[in-house]
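[1] pasting the structure only:
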Ligand code: GTP
Ligand code: MG
């Protein structure tokens, strides 16, 4: 899919303030600093349409971007960032959980995990919760440019094994780098295919 236009629409504190749910929507979720905003910039080929930072906790709201005039891409706050006060953290997870559960036009939630780390408890808990709520998701491994190919493959295999202890089949899996644009075509083609079959 070509990105012909990408326009920031608005930021919101909760799902029910978001734009009218009348177009297919895809959101990026995961721990703070995992690379959600960077991945969005990479997909859209716009350097800072989504604000990124080396400091975790940069994205604090639900940010809507209108793509090609007919679908939404959403940048969400991160979860599980220890330096944010507890009350703020639970806000984050309420924002994220309510959005994931109640946003009517959400077609697929992309759950980002850092390819450098072993499966993390809060990611696995979040994924388990998505299963319970039957929210469709895919997993996106980020920052693969920081790893040698063999280590990356080993980590991803390890992740799949852990997922298969809870799931009969694996979700969609995307292997990405916002530095090298690895995975860009895969994700955009996947979205394009879904856009062709969903109706709102
Ligand atoms: P919050 O908004 O705080 O939840 O973080 P985020 O998940 O949106 O992360 P963000 O995109 O702001 O990236 C965090 C840091 O990781 C930044 O310093 C990015 O430059 C870096 N980063 C993100 N993706 C990649 C990647 O694919 N490769 C490399 N090398 N660095 C990355
Ligand atoms: Mg962000």
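    Alright, I've got the coordinates. Nothing here was measured: the structure is a model prediction, and the numbers come from that model. Ligands and ions are numbered 1, 2, ... in the order given.

[2] contacting residues for residue 72?
    Contacts of residue 72 were listed using CB atoms under 8 Å, 6 or more residues apart in numbering, and they are 9, 19, 23, 24, 25, 26, 64, 65, 66, 105. The way it works is simple: take the backbone N, C-alpha and C, and place the C-beta from them, glycine included.

[3] what's the first helix or strand after the lowest-mean-pLDDT helix or strand in the chain?
    Taking mean pLDDT, DSSP states H and E as the measure, the helix or strand of the chain with the lowest value is helix 86-102, at a mean of 78. Later in the chain than helix 86-102, the nearest helix or strand by DSSP states H and E is strand 106-114.

[4] ok now that next one, how far from the chain's centre?
    How far strand 106-114 lies from its chain's middle: 4 Å, per CA atoms, centre = their mean, to the nearest Å.

[5] and the contacts of the next helix or strand along the chain from that strand?
    Using DSSP H and E, the helix or strand that follows strand 106-114 in sequence is helix 121-133. Outside helix 121-133, the residues within contact range by CB under 8 Å, 6+ apart are 29-31, 79-80, 97, 100-101, 109, 111, 113, 137, 139, 162-163, 166-167.

[6] ok, helix 121-133 near ligand 1 or not?
    No: using CB under 6 Å from any ligand atom, helix 121-133 never reaches ligand 1; the gap is at least 12.4 Å.

[7] what of stretch 11-22?
    No: Stretch 11-22 lies apart from ligand 1 when judged by CB under 6 Å from any ligand atom; the minimum separation is 12.2 Å.

[8] report the separation between the residue lying farthest from the centre of the chain and residue 156.
    Here the centre of the chain is the reference, and by CA atoms, centre = their mean the most remote residue is residue 150, at 24.7 Å. The gap separating residue 150 from residue 156 is 11 Å, by CB to CB, to the nearest Å.

[9] so who does residue 178 touch?
    Residue 178 sits next to 35, 38, 39, 41, 42, 142, 143 when contact means CB under 8 Å, 6+ apart.

[10] next step: the residues you listed restricted to helices.
    Assigned to helices by DSSP state H, the following of the contacts of residue 178 qualify: 38, 39, 41, 42.

[11] just those residues now: which is nearest ligand 1?
    residue 38 (3.3 Å; CB to the nearest ligand atom).
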